[in-house]
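*Asks:* coords please:
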Amino acid sequence: MDRRLFLQFPLFASALISQAHSQDNQPPKKGFKIEGNKDRYQEELLIMGGQFDCKISSKDSNGELLIYDTRREEKGGPALHMHHNQDEWFYIISGEFIIKVGDDTFNLKSGDSAFGPRKIPHAFAKISEGPAQMLVLFQPAGSMEDFFHQMAKLGKGVPKDQEKT
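*Replies:* The predicted structure is shown next:
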């Protein structure tokens, strides 16, 4: 065997393996519909004081995007936290929320949105009476979808709900 070919073979094999793995993780080749108040995979994720329905899975976008629709009955939300690799965007459908991003605090109502950049501590809490609904988007998705599934196994109140952020 030619020495140059022998030395190039590992690079070629690595490229083939990488291509095969990326083909396994390709997003769908067509659109899809998810009905209102339904989860992409018909799962029930009750965590952090709310119901989280996956609308766009990280599997749909090859890890680039994750969108949850969260419906909440009780006041409160998750404790102050941060994501090292994901930006997070909040869009209020109904009700009122308070969103803390770094040193800024925003009061949001229907139609309002807020952006939480990666590596900046943030939190949200429902502050209105009655039901409320919010879209939460993560970009890139990273391992956030797995995180939500692991949290759901721990129970709907974990981590402890916070009334104000």
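*Asks:* Kindly check the end-to-end length of stretch 40-48 for me.
*Replies:* Its start and end residues considered, stretch 40-48 measures 19 Å (C-alpha to C-alpha, to the nearest Å).
*Asks:* just the strands in this structure please.
*Replies:* Using DSSP state E, the strands found in the chain span residues 45-47, 50-56, 66-72, 87-94, 96-101, 104-109, 113-116, 122-126, 132-139.
*Asks:* for the ones you listed, which one sits closest to I34?
*Replies:* With C-beta to C-beta as the criterion, I34 lies closest to strand 50-56 of the strands of the chain, at 5.6 Å. For glycine as for every other residue, the C-beta is placed from the backbone atoms N, C-alpha and C.
*Asks:* average model confidence for that closest one?
*Replies:* Average pLDDT, strand 50-56: 95.
*Asks:* Show me what counts as buried in stretch 75-86.
*Replies:* The neighbour-count check on stretch 75-86 (16 or more other C-beta atoms under 10 Å) flags 75-78, 82-83, 86 as buried.
*Asks:* Now render the strands of the chain as a markdown table, adding mean neighbour count and distance to F32.
*Replies:* Formatted as a markdown table, the strands of the chain follow (neighbours: other C-beta atoms under 10 Å; distance: least, C-beta to C-beta, whole Å):
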| stretch | mean neighbour count | distance to F32 |
| --- | --- | --- |
| strand 45-47 | 19 | 19 |
| strand 50-56 | 21 | 9 |
| strand 66-72 | 23 | 13 |
| strand 87-94 | 18 | 20 |
| strand 96-101 | 21 | 28 |
| strand 104-109 | 14 | 29 |
| strand 113-116 | 18 | 24 |
| strand 122-126 | 23 | 28 |
| strand 132-139 | 21 | 17 |
